[in-house]
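Enquirer: Return a 3D structure for these sequence lines:
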Amino acid sequence: MTNRIMLVEDETIIAMDIQHRLESLGYEVAGHAITGEQAVRLTAELTPELILMNVNLRGEFDGIETAMRIRSFSDIPIIYITAFADDETLNKARLTGAFGYLLKPFQDIELRSTIEMALYKYRMERKLRESEERYALAIRAANDGIWDWNLKTNEIYFSTRWKAILGYKENEIGNNPDDWFNRIHPEDQKLVQTNLVSHIKGFTPQFQCEYRIQQSNGNYLWVLSRGLVVRDIKGLPYRMAGSQSDITSRKLVEERLAHDALHDALTGLPNRVLFMDRLDNRLSHTKRNPNNLFAVMFIDLDRFKVVNDSLGHAVGDQLLIIIASRLKLCLRPEDTVSRLGGDEYAILINEVKDVSDAIRIANRIKAGLVTTALLGTVERSPTASIGIAMVNSRYKTAGELIRDADTAMYRAKALGGNRHQLFDESMYINAVELIQLEGELKHAVAHEEWLVYYQPIISLANGETIGAEALVRWLHPRRGIVSPQEFIHIAEDTGLIVPIGEFVLRTACMQAKAWRDAGNPNLWVSVNISGRQFHDQNLLEMIKEVLGDTGLPSSGLRLEITESEAIRNMEYTIKVLEDLNKLGVCVSLDDFGTGYSSLNYLRRFPLKCLKIDQSFIQDINLNQKSESLTKTIIAMARSLDLEVVAEGVEKEEQISFLRSQLCDNVQGYLLSHPISANDLSKLLNFHP
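Expert: Numbering: from 1, shown residues only. Sure thing, here's the model as predicted:
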């Protein structure tokens with residue numbers, strides 16, 4: 001590519017000679033000026049790549065003044081042509097940043113070499129300038145501080161940004177490495193030193209380290225420093241340069257994420273992962289020091305589900321936060337309380353002398369929890385069931401300890417709650433048996449290992465059997481007949497009660513249809529509906545299907561739900577009862593009097609019958625209060641046009657009392673134990 005050169009020469013003959021020589025050397029003469037003013041104007045218009053300028057121009061200003069004016073708007077390289085090489089002229093020319101000099105007269109080879117050297121120098125300077133600009137822009141964009149350490153003189157340069165990151169002005173930090181290292185957090189100094197030395201000695205490809213450094217206000221921030229060492233031809237380090245960036249925001253996010261991964265979002269307590277890690281470490285310590293004992297507690301709130309179902313999950317969360325706060329107040333700083341999930345908490349009592357220490361803390365927790373808490377507009381005194389496991393040589397893992405504390409907690413809950421229970425080996429045996437029973441129960445559901453027994457319900461008006469309550473029994477392949485008390489609660493917890501309940505309902509409806517067809521058209525069968533079944537969205541469709549398949553009229557079926565289940569969700573209960581009422585199926589309220597007996601909800605529920613709990617009936621003639629309550633229940637039922645069935649009748653005196661109070665129907669061992677369908681058929685003189 002031809003280089004474009006502008007010639008500034010006021011002597012015409014010399015100008016023509018130089019132009020001819022330039023063109024013969026392969027250059028293009030872009031323009032010719034004879035005065036300084038003309039040269040300035042043509043430079044702006046033509047933008048040549050190089051200017052050949054006579055120093056001694058005639059006119060208002062000479063070549064040096066002309067060059068200075070051109071320099072004010074352009075960096076085009078200028079070569080001076082002069083017949084004089086005195087120091088004064090050369091010094092003036094040097095101030096304009098000249099790229100070369102040609103002394104008249106000069107040869108073509110001098111002209112060419114001077115022009116090529118000037119163009120080369122200009123290109124190199126421009127590349128260097130662009131590189132420096134790119135570097136400066138990159139540094140500003142990265143928002144990093146730069147440091148440059150002369151390892152031979154032990155002086156270090158800190159950029160303005162490096163100082164500003166720490167809150168210092170330009171003149172407030174010197175060039176001593178101590179200005180850097182003395183500000184590093186004492187806990188991080190060894191890490192930085194190790195990483196620096198490793199890189200300087202060539203063990204690592206670069207220096208990189210995250211650490212805390214003190215700001216001018218005394219606070220610490222997190223920074224990331226990176227650097228590379230420069231070595232001489234012998235491989236010895238003589239310089240090291242790098243950058244420092246503020247990573248405090250990232251560190252805070254990382255710390256928050258790390259905290260959240262190990263803590264419960266609602267209460268801020270350690271979660272299961274962190275608790276098990278601390279418990280595992282504590283167990284390892286005791287293995288090394290067998291006399292250094294600790295205890296684990298598993299805590300479950302009593303009747304927490306009632307709070308969630310009646311007051312809502314927001315109020316339930318409020319209670320969980322209150323419980324967390326109260327548990328922390330009951331413990332020492334070295335102990336750990338964790339929320340495992342739901343309403344379950346675990347506590348690591350870090351050090352105890354013996355079991356009495358653990359029991360004393362459990363009593364303190366019970367007392368601390370029971371204080372009244374205001375939940376929305378409702379006051380509640382929360383209680384909890386607490387299981388305690390004391391460490392001993394038998395425990396190999398943290399999981400075994402928490403398992404046994406959990407088992408003990410379930411025993412405390414089974415005994416009524418608001419108490420603590422210390423784990424013993426018999427509980428573990430029972431827990432294993434429970435797991436085995438769950439497996440056998442699943443097998444029983446799959447193979448329908450069920451018997452349905454019936455307990456007659458007798459009318460006090462005429463002594464006739466008007467109905468029968470269907471009661472399930474498990475025909476176990478090894479154990480024989482198993483009563484529902486042994487398996488119903490497990491079936492409820494596991495959800496197996498739903499298929500069991502459907503089997504009982506279908507069997508009872510088939511049997512009721514057979515009894516009706518055999519000569520007793522008004523006989524009905526009563527079937528218990530568990531909490532799981534009652535809240536199953538398919539309940540209504542399942543009942544319709546069973547009635548359709550068996551051909552039993554809806555009047556031949558009664559369903560029993562417990563009082564406590566009915567009031568769990570009033571609006572849902574009312575809707576289900578209304579749907580069943582439309583279907584023609586009557587509903588009885590079972591175990592009445594043991595829960596939240598209220599005339600208000602009885603008025604709202606579309607019911608057929610109340611069943612008085614057997615605990616009241618069995619206390620008749622023994623407890624005046626039970627007699628009074630029974631009278632009240634019967635009178636209340638009469639006022640609401642409800643039938644009354646008294647359960648658990650075992651004595652003639654009870655029959656006499658109930659008859660005197662105009663109770664409608666009775667059932668109990670005095671009249672008949674639960675019996676098979678065949679035996680009840682014989683009792684009724686039926687032979688289906």
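Enquirer: going forward, measure contacts between C-alpha atoms and count neighbours the same way
Expert: Noted.
Enquirer: check contacts around T286.
Expert: Going by CA atoms under 8 Å, 6 or more residues apart in numbering, T286 touches N292, L293.
Enquirer: ranges for the strands of the stretch 401-550 of the chain?
Expert: Under the criterion DSSP state E, counting those that start in this stretch, the stretch 401-550 of the chain contains strands at 419-422, 450-459, 465-476, 480-482, 524-528.
Enquirer: What is the second one packed up against?
Expert: For strand 450-459, the helices and strands in contact under the criterion 3 or more CA pairs under 8 Å, 6 or more residues apart in numbering; DSSP states H and E are strand 465-476, helix 497-517, strand 665-666, helix 677-683.
Enquirer: For H20, give its distance to H32.
Expert: 12 Å (CA to CA, to the nearest Å).
Enquirer: Compare those two and say which one has the larger neighbour count.
Expert: H32 (20 against 13; other CA atoms under 10 Å).
Enquirer: What residues are bridge-paired with that one?
Expert: Applying DSSP bridges to H32 gives these bridge partners: L7.
Enquirer: Test my guess that it contacts T12.
Expert: No - using CA atoms under 8 Å, H32 makes no contact with T12, being 10.0 Å away.
Enquirer: does G59 really touch A33, like I thought?
Expert: No - using CA under 8 Å as the test, G59 is too far from A33 to be in contact (11.9 Å).
Enquirer: Looking at the two, which is more packed in?
Expert: Shown here are G59 and A33; by other CA under 10 Å, A33 has more neighbours (19 against 12).
Enquirer: If you drop the residues flanking it in sequence, what lies closest to that one?
Expert: Excluding its sequence neighbours, the residue lying closest to A33 (CA to CA, 6 or more residues apart in numbering) is V8, at 4.7 Å.
Enquirer: what residues does stretch 484-494 touch?
Expert: E438, L441, V472, R473, W474, I497, S530, G531, R532.
Enquirer: Do I have it right that the fifth one meets H447?
Expert: I take that to be W474. No - in this structure W474 lies outside contact range of H447 using CA under 8 Å: 11.3 Å.
Enquirer: More neighbours: these two, which one.
Expert: W474 (22 against 9).
Enquirer: Leaving out sequence neighbours, find the closest residue to G227.
Expert: G242 (3.8 Å).
Enquirer: Please, which helix or strand holds that neighbour?
Expert: Assigned by DSSP states H and E, G242 belongs to strand 237-246.
Enquirer: Give me the helices and strands touching that strand, please.
Expert: Contact here means 3+ CA pairs under 8 Å, 6+ apart; on that basis strand 237-246 packs against strand 145-150, helix 160-165, strand 220-231.
Enquirer: try it again with 7 Å
Expert: strand 145-150, strand 220-231 (3 or more CA pairs under 7 Å, 6 or more residues apart in numbering; DSSP states H and E).
Enquirer: Show the average pLDDT along the longest one.
Expert: Same thing as strand 220-231. Strand 220-231 shows a mean pLDDT of 94.
Enquirer: Now do it against strand 237-246, angle only.
Expert: Angle, strand 220-231 to strand 237-246, by axes from the mean of the first three to the mean of the last three CA atoms, to 10 degrees: 150 degrees.
Enquirer: next one: strand 220-231 to chain centre, how far?
Expert: Relative to the chain's own centre, strand 220-231 is displaced by 34 Å; criterion: CA atoms, centre = their mean, to the nearest Å.
Enquirer: Which residues does that strand contact?
Expert: Here strand 220-231 makes contact (CA atoms under 7 Å, 6 or more residues apart in numbering) with 200, 206-214, 237-248.
Enquirer: Surely E334 and E351 touch.
Expert: No - if you go by CA atoms under 7 Å, E334 and E351 don't touch, sitting 8.6 Å apart.
Enquirer: So for the two, which residue has more residues nearby?
Expert: Taking other CA under 10 Å, E334 and E351 do not tie; E351 has more neighbours (15 against 9).
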